[in-house]
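Undergrad: Structure, please.
(one chain, ligands or ions: 1)
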Amino acid sequence: MNELRLSGDRVNRPAARPPAAPPRRGAATLALLALIGAFMLATAPAARAAPLPPARHVVQPGDTLASLARQYGSTVEALIAANGLTAQTPIAVGQTLIAPAAAQPLLPIEAQPRDTLASLAQRHGVKLADLQAINQLAPGQRLAPGQDLLLPARPDQPSPALPPGPIRAITTSPAVVRQGETVAVRIELDASQPASVTLALAPQQIPLRPAGADALVGLAAVHALTEPGFVWLDLTWQAAGETISRTWPIQVVDAAYPTFDIVLPDDKGELLAPELVQAELERMMALWNAPPTPIRWRRFFQRPLAEEFLTSAPFGQRRSYNGGPVSGFHAGQDFPAPQGTPIYAPAPGTVALAEPLQVRGNAVLIDHGGSVFSGYWHLTDIAVSAGQEVQPGDLLGHVGTTGLSTGNHLHWELRVNGFAVDPMQWLTTRFP
Ligand SMILES: [Zn+2]
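TA: Residues are numbered from 1 along each chain as shown. Purely as a prediction, here's the structure:
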């Protein structure tokens, strides 16, 4: 099953704060095309590619700073600054350059022998507190030669370092995130200074919950189509009658998702009415955008199928149609398996939906709490009912090819705050 950038799937961009607008003109048609594409893709093999460090480029014959700036959506000035060049420096074939996004406010650097946080702050004209905060380092922490660091914004830009007050620290994990991944955010509080705190990754509001007496935690979804570079958390708190805001960077790297071009036969256009596709999506959105319930998981998620069933179309696979531009991505992970293969709950939760749908076929949606939902589409039969509590390993149903699907497979989908994220990350990461 595939979904496009309909209203539940907007890209997180710090500057863009789109209102809850209706889908763009033509989105329903595109959604239909995408669904038809998913229909034909159910068993398409696609090995998951390893992530590549996208911000580095090995100079090829014919490359110029101007051509690289165009290629990476950057500027000549940003390339010069990121690589310690001058406008006159020739670039050599084989040389590795950092290719920052045009608006990238942070620069990656490597610590050299004898560098300290204080010496780097002085050399680059940035605040020591910002350098510490951005890199999540303790004051005075020693640096290893070759250690990757981020150089914060210029001194004339707003400081992300936290002022004295109720917020003592903010940390994000993983420190560098791939497109489509989930990020855990932890906010350390001074318990003696009560504060009301909100967190967003626009347009996503991030529910916060207590973690002990002096911390809050939340989960942010980084949209699969986010441009590599930085996205910014918006942290706002009120204390002593004052409202204070800070933005906090999350570095996003290219997940190297493969692109798959789908050639649509002429006779597939009538398969499903766009209104129906949209109505079903809106029904799902109403469920996974509901107010969060208490979190239920305590450990890693388990695989929903036995290990022998490998995945085919991975989460995040870019999709284009008839050779056109990329217009959507695969919102879940597909596991081809024979009809009747059992599907198991990966984690505790409450069944939020268990019924036949037109597009998703026999569908099960589980609420794991904390605005985290997992979905299981195209089942041949359903073994649970709405409202039922499930534990890891409980039978949910069996693999089938109901709804808009051409072959027996499980489409497994994970939603965080309503956004589709890579479910496979949850098999190896224990989120708070
Ligand atoms: Zn799928």
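Undergrad: Can you report how many residues lie near the residue in the chain that the ion sits nearest to?
TA: Checking the chain residue by residue against the ion with CB to the ion singles out residue 411 as nearest, at 3.5 Å. In this view, the C-beta of every residue, glycine as well, is placed from N, C-alpha and C. Neighbours of residue 411 under the rule other CB atoms under 10 Å: 26.
Undergrad: isn't it right next to residue 343, touching?
TA: No: contact between residue 411 and residue 343 fails when scored by CB atoms under 8 Å: they sit 10.8 Å apart.
Undergrad: where do the contact lists of these two overlap?
TA: Residues touching both residue 411 and residue 343 (CB atoms under 8 Å, 6 or more residues apart in numbering) are residue 376.
Undergrad: I'd like the mean pLDDT over stretch 408-420, please.
TA: The average pLDDT within stretch 408-420 is 96.
Undergrad: Check the offset of it from the chain's centre.
TA: Averaging C-alpha positions (CA atoms, centre = their mean, to the nearest Å) puts stretch 408-420 13 Å from its chain's average.
Undergrad: can you list the domains in the protein?
TA: Each domain of the chain is listed here as a residue range: 2-49+257-428, 56-253, per automatic domain parsing.
Undergrad: for these, which one ends up most surrounded?
TA: Among the domains of the chain, domain 2-49+257-428 has the highest mean neighbour count (mean count of other CB atoms under 10 Å), at a mean of 18.
Undergrad: next one: that domain to chain centre, how far?
TA: Relative to its parent chain, domain 2-49+257-428 has a centroid offset of 15 Å by CA atoms, centre = their mean.
Undergrad: Given the host helix or strand of residue 150, what are its sheet partners and their directions?
TA: Using DSSP states H and E, residue 150 falls within strand 148-151. Sheet pairing of strand 148-151 (DSSP bridges) gives strand 107-110 (antiparallel).
Undergrad: would you put the C-alpha positions of the partner strand in CSV?
TA: Extracted in CSV, the C-alpha atoms of strand 107-110 (Å, rounded to 0.1, in the frame of the first residue of the first chain):
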residue,chain,number,x,y,z
LEU,A,107,28.5,22.7,9.5
PRO,A,108,30.0,19.3,10.0
ILE,A,109,33.7,19.4,11.1
GLU,A,110,36.2,16.9,12.3
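Undergrad: Can you name the element that comes right after that strand?
TA: Criterion used, DSSP H and E; the element after strand 107-110 is helix 117-124.
Undergrad: Residues in contact with that next one: which ones?
TA: Helix 117-124 has contacts (CB under 8 Å, 6+ apart) with 109, 111, 126-128, 130-132, 137, 139-141, 143, 149, 151.
Undergrad: For the chain, just list every one of the helices.
TA: All helices of the chain, identified by DSSP state H, fall at 27-41, 65-71, 76-83, 117-124, 128-134, 274-288, 425-428.
Undergrad: what's the average pLDDT for the strand holding residue 150?
TA: Mean predicted lDDT for strand 148-151 stands at 81.
Undergrad: do stretch 234-243 as well
TA: Stretch 234-243 carries an average pLDDT of 86.
Undergrad: Check the offset of that stretch from the chain's centre.
TA: The answer for stretch 234-243 is 27 Å, by CA atoms, centre = their mean.
Undergrad: What are the contacting residues of it?
TA: Contacting residues not belonging to stretch 234-243 are listed as 165-167, 170, 187, 193-202, 244-248 [CB under 8 Å, 6+ apart].
Undergrad: what's near enough to touch the closest residue to residue 168 other than its chain neighbours?
TA: Nearest non-adjacent residue to residue 168, counting by CB to CB, 6 or more residues apart in numbering: residue 188, 4.3 Å away. Neighbouring residues of residue 188 by CB under 8 Å, 6+ apart: 167, 168, 169, 170, 171, 214, 215.
Undergrad: Let me know whether the last one touches residue 185 as I believe.
TA: No: Residue 215 lies out of contact with residue 185 (CB under 8 Å); the separation is 10.5 Å.
Undergrad: Spit out the residues that contact these two alike.
TA: With CB under 8 Å, 6+ apart as the test, residue 215 and residue 185 reach no residue in common.
Undergrad: shouldn't residue 110 be in contact with residue 147?
TA: Yes: Residue 110 sits in contact with residue 147 when judged by CB under 8 Å, with a separation of 6.9 Å.
Undergrad: Residues of the stretch 251-400 of the chain that sit close to the ion?
TA: Within the stretch 251-400 of the chain, the positions lying close to the ion (CB under 5 Å from the ion) are 332, 334.
Undergrad: redo that, cut-off 6 Å
TA: Contacts of the stretch 251-400 of the chain with the ion, taken as CB under 6 Å from the ion, map to 313, 330, 332, 334.
Undergrad: tell me the two of those residues that are most distant?
TA: Maximum pairwise distance among those (CB to CB): 8.7 Å, between 313 and 332.
Undergrad: which residues does residue 167 bridge with?
TA: With DSSP bridges as the criterion, residue 167 is bridged to residue 189.
Undergrad: and it, what does it touch?
TA: The neighbourhood of residue 167, defined by CB under 8 Å, 6+ apart, consists of 187, 188, 189, 190, 195, 197, 235, 237, 246.
Undergrad: Residue 418 contacts residue 288, correct?
TA: Yes: counting by CB under 8 Å, residue 418 touches residue 288, with 5.2 Å between them.
Undergrad: How are the strands of the stretch 251-400 of the chain distributed by residue range?
TA: 259-262, 318-321, 326-330, 333-336, 342-344, 349-357, 361-367, 372-379, 381-382, 389-390, 395-398 (DSSP state E, counting those that start in this stretch).
Undergrad: Please name the strands paired to the second one in the sheet, noting orientation.
TA: The reference is to strand 318-321. Sheet pairing of strand 318-321 (DSSP bridges) gives strand 259-262 (parallel), strand 326-330 (antiparallel).
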